[in-house]
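>>> The sequence and its predicted three-dimensional model are supplied below.
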Amino acid sequence: MKRNWLLASLIGGLAGVAIWHRRKKRRAAAVCWTVNNSLEEVLQAHAEYLRAEHPAYYDKFVSLVKADREAAMGEATVFSLLRTYFRAEPQPADEPGKGGVDFVCRKGTPDKFVVEVTSLKPEAVAAQSDIPASIDDSVQGASRMTTDQLFSTVKDKADQLANYPCPRLLAITSTHPASPHLLGSSGAEFLLTSEPRISYPVAGSGAPVTMTTNLRRSVFFGPEESGTQIVSRRRSVSAVLLVALSDTQSGVVGLLHPDPVMKLKIERFREVPFLRLANWPIVDGAINTEWIVSIPESKIFYHAPIWLRQTARWDKKR
């Protein structure tokens, strides 16, 4: 039952424009963890943990809480997920006065990886999506996906994640009320392949209607300068986690780079849906994606069935 719910939760719409309104119940777009503590309580617990276990980082985190509470909530929640659910043994790594990524996980083991956390402010998400940062049951309207914003965020962080001799994970968080949709399965699909278009054939040609993409906001690959083939981009980022935050649950989906400098093993990220290319390199412009989920207890991968696979074709003309 649990597995069926998880796979069903991956189904997302492909429309670039959606209609939103506040509902008391939402269909999940990602694997979700119900939390017993509010985000404020997670924030306070993380501060107490740092004071007890990593005092050198405590003052820095307190300063972050005062300067950018949204960013502090993102760091605290991602650290909590890494520590309590994924059991990745995270440690602070952004040394005061030196900088660097936020966390190092499984330090001293062959499975070591680093994590950088960045947060999207609700007001910035609202400007991109046309969904207010504060909405109630009586308000509704048209919205847009935030692919441009997510693309720019990964692009801006790519250099910071370079030169680490282990896999590098970028976690993007937001507390915007629409983040379960904007940072859910559709958000992941659009970020991996750029927002798709439906291409209609010339009338009477007998050719089928096809799904195409220009790859302009495809975060991990795109056309080379000659425009004849698709090459990988931002190889310093092994994977991206999109994390939607609220006081009741955290929803998470992931994207895997098809050709990273360092490949991330996802076995530890149990039950998190990861989107990846079914084939790399891309041949003849055919872009096939699939969702995969790791269930380490059973030591196998559950692959999404074929009807969850998204297939598009690179449209060189766009």
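Now that the structure is in, tell me what you want to look at. Numbers count the residues shown, from 1 in each chain.

>>> hang on, isn't A286 packed against R313?
Yes - using C-beta atoms under 8 Å, A286 is in contact with R313, at 6.0 Å. Backbone N, C-alpha and C define where each C-beta goes, glycine included.

>>> Which of those two has more residues huddled nearby?
Remark: of A286 and R313, R313 carries more neighbours, 16 against 12, as counted by other C-beta atoms under 10 Å.

>>> Surely the more buried one is in contact with V209?
No - when contacts are counted by C-beta under 8 Å, R313 is not listed as touching V209 (11.5 Å).

>>> In terms of pLDDT, where does the closest residue to S218 other than its chain neighbours sit?
In space, and not counting its chain neighbours, S218 is closest to S194: 4.4 Å by C-beta to C-beta, 6 or more residues apart in numbering. Looking at S194, its pLDDT is 93.

>>> Check the gap between S194 and G251 for me.
According to C-beta to C-beta, to the nearest Å, S194 and G251 sit 23 Å apart.

>>> again with P196
23 Å.

>>> go on, V243?
According to C-beta to C-beta, V243 and G251 sit 7 Å apart.

>>> Scan the chain for its longest helix.
helix 39-53 (DSSP state H).

>>> Now do the buried residues in that one.
Buried positions in helix 39-53, judged by neighbour count with 16 or more other C-beta atoms under 10 Å: 39, 42-43, 46-47, 49-50.

>>> now, among those residues, which is nearest to D247?
Closest approach between the buried residues of helix 39-53 and D247, by C-beta to C-beta: L39, at 5.6 Å.

>>> Low-confidence bits of this structure, can you list those?
Within the chain, the stretches with pLDDT under 70 are 1-36, 96, 136-141, 200, 202, 204, 206-207, 296-311, 316-318.

>>> Now do the helices in the stretch 1-150 of the chain.
Ranges of helices in the stretch 1-150 of the chain, per DSSP state H, counting those that start in this stretch, are 2-8, 39-53, 55-67, 69-80, 122-129, 147-157.

>>> which one of those lies closest to V219?
Nearest to V219, of all the helices of the stretch 1-150 of the chain, is helix 147-157, at 5.0 Å by C-beta to C-beta.

>>> Pick the most deeply packed of the helices of the stretch 1-150 of the chain.
helix 69-80 (a mean of 23; mean count of other C-beta atoms under 10 Å).

>>> what's that one packed up against?
Helix 69-80 is packed against helix 39-53, helix 55-67, strand 113-119, strand 168-174, strand 239-245, with contacts defined by 3 or more C-beta pairs under 8 Å, 6 or more residues apart in numbering; DSSP states H and E.

>>> Would you convert these into CSV that also reports distance to T146?
Listed next are these as CSV, based on distance: least, C-beta to C-beta, whole Å:
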stretch, distance to T146
helix 39-53, 21
helix 55-67, 24
strand 113-119, 13
strand 168-174, 9
strand 239-245, 10
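
>>> Of those, which is nearest H257?
With C-beta to C-beta as the criterion, H257 lies closest to strand 239-245 of the helices and strands packed on helix 69-80, at 6.2 Å.

>>> can you map out the helices along the stretch 151-300 of the chain?
Under DSSP H, counting those that start in this stretch, the stretch 151-300 of the chain gives helices at 179-182, 185-193.

>>> ok, back up a step: quickly name whichever of the buried residues of helix 39-53 is closest to H181.
Of the buried residues of helix 39-53, the one sitting nearest to H181 (C-beta to C-beta) turns out to be L39, at 18.9 Å.

>>> so what's that closest one closest to, chain neighbours aside?
Nearest to L39 is M73, by C-beta to C-beta, 6+ apart, at 5.0 Å.

>>> do the same with D148
R217 is the one closest to D148 (C-beta to C-beta, 6+ apart), at 6.2 Å.

>>> contacting residues for the one you found?
Contacts for R217 were tallied using C-beta atoms under 8 Å, 6 or more residues apart in numbering; they are 147-148, 151, 190-191, 194-195.

>>> Mind listing the shared neighbours of V243 and G251?
With C-beta under 8 Å, 6+ apart, V243 and G251 have common neighbours L183.

>>> still on that earlier bit, quick one: closest of the helices of the stretch 1-150 of the chain to D102.
Across those, D102 has its closest neighbour in helix 69-80 (6.0 Å, C-beta to C-beta).

>>> Pairing-wise in the sheet, spell out the partners of the residue lying closest to V243 once chain neighbours are set aside.
Closest residue to V243 apart from its sequence neighbours, by C-beta to C-beta, 6+ apart: T173 at 4.3 Å. With DSSP bridges as the criterion, T173 is bridged to S119, V243.

>>> tell me the contacts of the nearest residue to F113 once chain neighbours are set aside?
Nearest in space to F113, with sequence neighbours left out and distances taken as C-beta to C-beta, 6+ apart, is P167 at 4.1 Å. Counting by C-beta under 8 Å, 6+ apart, P167 makes contact with 113-114, 238-239, 260, 262-265.
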